[in-house]
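> sequence? don't have it. structure:
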């Protein structure tokens, strides 16, 4: 298992770098070409959310991006309780996964309440009246990005806390990895 770690500062220009890096590593990991755009968009949303949170709470702290190629022999995620040599479980089936982890250090607002994901997905995404969140789009809540990520990634886990938020996203690696000479 190869892990690439990228640390970015809370600048919107660095989101583009994170997206390009994720797409490149995903392509080399053997992700299906049809999923590359989804990965690029999901990473962009996760990093944009982290950048906006850092600008408000801790602008000097870095944002951590980890790109984990689970196609190797050591493909289990330690955070998911896996052991080396076992594939991650996706929808009850053992499969090789490409995982992206975006970690920020901005305290999650009402972290105790936001860990309850049993409510409807769109609750709280739209604001009433002319209220615009800092760094947000008029009429939309900052939580909209997390909803978009949930729709783009095959598996998503969001862990908010007072120390920051960790967004884990993963996609299955294609069964046969082909070597693309143009990717060298």
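Sure, I can see it. Predicted, not measured: the structure shown is a model, and the values here were computed from it. Residues are numbered from 1 along each chain as shown.
> In its sheet, which strands sit next to the helix or strand hosting residue 99, and in what direction?
If you go by DSSP states H and E, residue 99 is part of strand 97-103. Sheet partners assigned to strand 97-103 using DSSP bridges are listed as strand 63-69 (antiparallel), strand 164-172 (antiparallel).
> quick one: least confident helix or strand in this protein?
helix 111-114 (a mean of 42; mean pLDDT, DSSP states H and E).
> following it, which helix or strand shows up next?
As assigned by DSSP H and E, the chain's next helix or strand after helix 111-114 is helix 144-152.
> Phi and psi next, for the nearest residue to residue 54 once chain neighbours are set aside.
For residue 54, ignoring the flanking residues on the chain, the nearest one in space by Cβ to Cβ, 6 or more residues apart in numbering is residue 10 at 3.5 Å. C-betas here are computed from N, CA, C, even on glycine. Note on residue 10: its backbone torsions stand at phi -80, psi 60 [degrees, to the nearest 10].
> What sits closest to residue 102 if chain neighbours are left out?
Using Cβ to Cβ, 6+ apart, the nearest residue to residue 102 is residue 46, at 4.1 Å.
> Next, the buried residues of the helix or strand harbouring that neighbour.
Element membership for residue 46 (DSSP H and E) is helix 33-57. Neighbour counts over helix 33-57 (16 or more other Cβ atoms under 10 Å) mark 35-36, 38-54, 57 as buried.
> Which neighbouring elements make contact with it?
helix 13-29, strand 63-69, strand 97-103, helix 144-152, strand 164-172 (3 or more Cβ pairs under 8 Å, 6 or more residues apart in numbering; DSSP states H and E).
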